[in-house]
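Enquirer: Predicted model and sequence below, questions to follow.
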Amino acid sequence: MAGGMRGRIPSGSASEPHLGDANRASSRAMSASEPDLCVYYDSACPLCRREVAFYRRLDTAGRVAWVDLHGHDRGPLPPELPRAQALARLHARDADGGMVSGALAFAAIWQRMPWLAPVGRLLARRPFRWFAEGGYRLFLRVRPRLSRWLRRREQGRDPGSN
């Protein structure tokens, strides 16, 4: 973990063009109000839906586009992001085509939120990102149970019962 950038997904190999090359020209023409980050999220997860709703409220400048992996807006996924992988972890793609996942995806989101930007910049740096990624991996282990609990709660059942 000390060497590479965990959470970073390569956008292409040396023999193929960087997937962001086509996006770069269009991103230069983007206005300040257009999103510069695309986040792929699992709307079947109640916790994920709540988090996205929270971030949408914070994103007053519209810097983040949210792609619901289960909704009508899902469209085709980038070739380097298989659907199962997209559903298993949070992923984000910046305007240059760079893809990050896990804690680095949260850092990318937070960097675009006025109140969370300083924390996002800190989280993206070593050694903080290593600890954050470790915490995210621990969270992924409890996410199914937490989602079931929230789903029961949303449906009005007693969250304390099994």
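Expert: Sure, I can see it. Residues are numbered from 1 along each chain as shown.

Enquirer: Please report the distance of residue 38 from residue 58.
Expert: 17 Å (Cβ to Cβ, to the nearest Å). Any C-beta I mention is one placed from the backbone N, CA and C, and that applies to glycine too.

Enquirer: more neighbours, these two?
Expert: Shown here are residue 38 and residue 58; by other Cβ atoms under 10 Å, residue 38 has more neighbours (18 against 15).

Enquirer: A helix includes the more buried one, no?
Expert: No: counting by DSSP: H, G, I helix; E, B strand; the rest coil, residue 38 is not part of a helix but strand.

Enquirer: mind listing the helices for this structure?
Expert: 21-28, 46-58, 83-88, 103-111, 117-123, 128-154 (DSSP state H).

Enquirer: among the ones you listed, which is the most enclosed?
Expert: Per residue and on average, the most neighbours among the helices of the chain fall to helix 103-111, with a mean of 24 (mean count of other Cβ atoms under 10 Å).

Enquirer: how much distance is there from that helix to the middle of the chain?
Expert: The chain centroid and the centroid of helix 103-111 are separated by 7 Å under Cα atoms, centre = their mean, to the nearest Å.

Enquirer: before we move on, what about stretch 138-149?
Expert: 17 Å.

Enquirer: can you list contacts of it?
Expert: If you take Cβ atoms under 8 Å, 6 or more residues apart in numbering as the criterion, stretch 138-149 is touched by 45-47, 88-89, 159.

Enquirer: Read off the pLDDT value for residue 77.
Expert: Looking at residue 77, its pLDDT is 82.

Enquirer: Got phi/psi on it?
Expert: phi -80, psi 160 (degrees, to the nearest 10).

Enquirer: was I right about it contacting residue 40?
Expert: Yes: between residue 77 and residue 40 there is a contact under Cβ atoms under 8 Å: 7.0 Å.

Enquirer: of these two, who's got more company?
Expert: Shown here are residue 77 and residue 40; by other Cβ under 10 Å, residue 40 has more neighbours (25 against 16).

Enquirer: show me the contacts for that one.
Expert: Neighbour list for residue 40: 67, 69, 77, 81, 86, 90-93 [criterion: Cβ under 8 Å, 6+ apart].

Enquirer: from these, which is closest to residue 115?
Expert: Set against residue 115, the nearest of those by Cβ to Cβ is residue 92 (18.4 Å).
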